[in-house]
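Chemist: Here is a sequence together with a model predicted from it:
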Amino acid sequence: MVVQTYVVSASRWKSLKNRRLQNWGGVVHEKGLLPQDLPPWLKKLTERICEQTGLFPSAINHVLINEYLPEQGIMPHQDGPAYFPVVAILSLQSPVVIDFTPHPRLKECKDKDKVTAENQDITDSSSKVGENGLSDELIPREEYDRQPQSLLLMPRSLLIFKDQAYSDYLHGIEDSEVHRLDKVANVSEIPKLQDTIVASSSDSAGGIGSSFHRTSNRASLTCRLVPKVHKKLFKF
Ligand SMILES: O=C(O)CCC(=O)C(=O)O
Ligand SMILES: [Fe+2]
């Protein structure tokens, strides 16, 4: 896969300020996809992801290949509305930490809720209390508990995220050559860094410390489905 990613003509790469990327499958517009067939080497991969996960209602038809230098990342964002809300990301080469942070929209809810709660006594029987015991203006308890979460993505790993991780969180990768491990939820992956990272920051016992250095480039393949496909856009 790494080889195929780099064998393509140089013109396939589009350079952005903070990374370069290849776009496969066609052009995504807010209203859908102007399709182009995926090449066989990507089709093989996306078909396997579809089959093995059973999470896509039809074939994955769009793949973005991002390449990051060790100090590059991607700002926190939410994937666009044109995509089916399941994302499969294959990581290659350097490990990285990807951060999931609650969408600012939820913070607004939380702040609004705080004001509401401060301004009214919710134990007062005159206030409107729903069946769940909460005032109608209040948002569910779990909204309070949303914390930033990070995941360590090792080379050759496949990250799939969907549902709340898709709709309620932004995802991003820090523009830094050093990535911290303290918020990493999948701690069982951390020991694997030892075999991959040449210059990791080590703790006093010589193991992996609270951060690691990204010493090589990383490529990732973001595989998604754009449900709405425009067969013919241009009419002459
Ligand atoms: O490189 C990654 O793991 C993230 C890529 C991503 O978020 C995207 O292509 O939308
Ligand atoms: Fe994304």
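Modeler: Looks like it came in fine. The structure displayed is predicted, hence computed values, not measured ones. Ligands and ions are numbered 1, 2, ... in the order given.

Chemist: use CA for all of it now, contacts and neighbours both
Modeler: Noted.

Chemist: can you pull out the strands in this protein?
Modeler: Secondary structure of the chain, counting by DSSP state E: strands at 14-15, 20-24, 26-29, 32-35, 62-68, 74-77, 86-93, 96-102, 149-153, 158-162, 169-173, 178-180, 211-213, 218-224.

Chemist: could you dump the ones you listed to CSV with mean pLDDT?
Modeler: Formatted as CSV, the strands of the chain follow (pLDDT from 0 to 100):
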stretch, mean pLDDT
strand 14-15, 94
strand 20-24, 96
strand 26-29, 93
strand 32-35, 94
strand 62-68, 97
strand 74-77, 96
strand 86-93, 97
strand 96-102, 96
strand 149-153, 96
strand 158-162, 97
strand 169-173, 96
strand 178-180, 95
strand 211-213, 92
strand 218-224, 97
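
Chemist: Just give me the residue closest to the centre of the chain.
Modeler: Residue closest to the mean C-alpha point of the chain, counted by CA atoms, centre = their mean, is His171 at 4.6 Å.

Chemist: Does it touch Phe100 like I think?
Modeler: Yes. Between His171 and Phe100 there is a contact under CA atoms under 8 Å: 4.6 Å.

Chemist: For Asn23, list each beta-bridge partner.
Modeler: Leu64 (DSSP bridges).

Chemist: Count the residues that sit near it.
Modeler: 18 (other CA atoms under 10 Å).

Chemist: low-scoring pLDDT stretches of the chain, where are they?
Modeler: 1-3, 107-145, 196-208, 232-236 (pLDDT under 70).

Chemist: Could you list the residues of this protein in contact with ligand 1?
Modeler: Leu64, Asn66, Asp79, Ile89, Ser220, Thr222 (CA under 6 Å from any ligand atom).

Chemist: The same query, at a cut-off of 5 Å, please.
Modeler: Ser220 (CA under 5 Å from any ligand atom).

Chemist: Now do the same contact list for Asn61.
Modeler: Gly25, Pro35, Asp37, Leu38, Cys223, Arg224, Leu225, Val226 (CA atoms under 8 Å, 6 or more residues apart in numbering).

Chemist: Which residues does the second one form beta bridges with?
Modeler: On the basis of DSSP bridges, Pro35 is bridged to Gly26.

Chemist: can you check the fifth one too?
Modeler: When bridges are assigned using DSSP bridges, the partners listed for Cys223 are Val63, Ala88.

Chemist: So what's the residue count around it?
Modeler: Cys223 - counted by other CA under 10 Å - has 24 other residues nearby.

Chemist: again, but for the first one
Modeler: Other residues near Gly25 come to 23 when the count uses other CA under 10 Å.

Chemist: With respect to ligand 1, which of the contacts of Asn61 is nearest?
Modeler: If you rank the contacts of Asn61 by distance to ligand 1 using CA to the nearest ligand atom, Cys223 comes first, at 8.3 Å.

Chemist: pretty sure that closest one is touching Leu64, no?
Modeler: Yes. In this structure, Cys223 is within contact of Leu64 by CA under 8 Å, at 6.7 Å.

Chemist: Count the residues that sit near Gly73.
Modeler: Neighbours around Gly73, by other CA under 10 Å: 22.

Chemist: From Pro85, how far out is it?
Modeler: Using CA to CA, to the nearest Å, Gly73 is found at 22 Å from Pro85.

Chemist: Ser188 now?
Modeler: From Ser188 to Pro85 the distance is 27 Å (CA to CA).
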